[in-house]
Each structure stands twice: as C-alpha cells, then as structure tokens.
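K.L.:
Next input, structure requested:
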Amino acid sequence: MHSAPDCNQLLTSDEMSGTFTIPAGSYLVWTWLTCQVVQNNLVNPSVAIEYSYDINNWAGVVSNLAYNCQAAENAMGGSCHFADSTAISVIQVQLAPASS
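P.N.:
Numbering: from 1, shown residues only. A predicted model of the protein is given here:
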C-alpha cells in the first residue's frame, strides 16, 4: 500500500506548473517515495493529450484514486478510465516499486 501523504506531496508539488503533454502512444510516470502514478495515451488516431496539473484536473483525479479507490479494502489506489474508455487514457495510482 502506498502512503497517502506521499501521493499528496506528489500531486501538490506540480500543482502550479500549468500543463503537461503526453505524446501520442506513450505514457508518463510520476514517483514520490511510496506513491507512483502512471498515465498513458491510447487515443486513436494518435494525437498528443494535454492536461492541467491543478486540483480541478489531473491532481484531483490522482487525489481521488489515492485516498478513495478501494479504501474499504485498505488498498488505497486504483485506476481511472477517461470517459469510461480505456481507449483514451488510464491513470493508475499504485505502490512505487522498491528502488534498487
């Protein structure tokens, strides 16, 4: 299980940074201590996707997944499919792999 405070630090650290772009057919990974967020871009036809880091957009989704998803099972993490479609983009909040 990731630490929710680690996810909070991750999602607030870039909150004022504006936007980011996920190039077509690729993914981005953000990691802070025990929290890892992975987001992919599966849009077809292939185009870049631009998101805003702020709490009303990307940070809000990450916060919801980190604190609420599977909370009853004490798992604290999960995935979100945009517009109920895995063919657009998926955000996954999970335990960061151990560093070697």
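
K.L.:
switch to C-alpha atoms for all contacts and neighbour counts from now on
P.N.:
Will do.

K.L.:
Quick one: low-confidence residue ranges for this protein.
P.N.:
For the chain, residues meeting the criterion pLDDT under 70 lie at 1-3, 69-76, 82-87, 100.

K.L.:
and M16, what helix or strand is that in?
P.N.:
According to DSSP states H and E, M16 maps onto no helix or strand at all.

K.L.:
That one: neighbouring residues, count only.
P.N.:
M16 has 11 neighbours, counted by other C-alpha atoms under 10 Å.

K.L.:
what about the residue nearest to it when sequence neighbours are not counted, distance to T12?
P.N.:
Nearest non-adjacent residue to M16, counting by C-alpha to C-alpha, 6 or more residues apart in numbering: D54, 6.6 Å away. D54 sits 8 Å away from T12, taking C-alpha to C-alpha, to the nearest Å as the criterion.

K.L.:
Show me where the protein has its helices.
P.N.:
With DSSP state H as the criterion, the chain has helices at 4-13, 58-68.

K.L.:
winner for burial among those helices?
P.N.:
Using mean count of other C-alpha atoms under 10 Å, the stretch among these with the greatest mean number of neighbours is helix 58-68 (a mean of 20).
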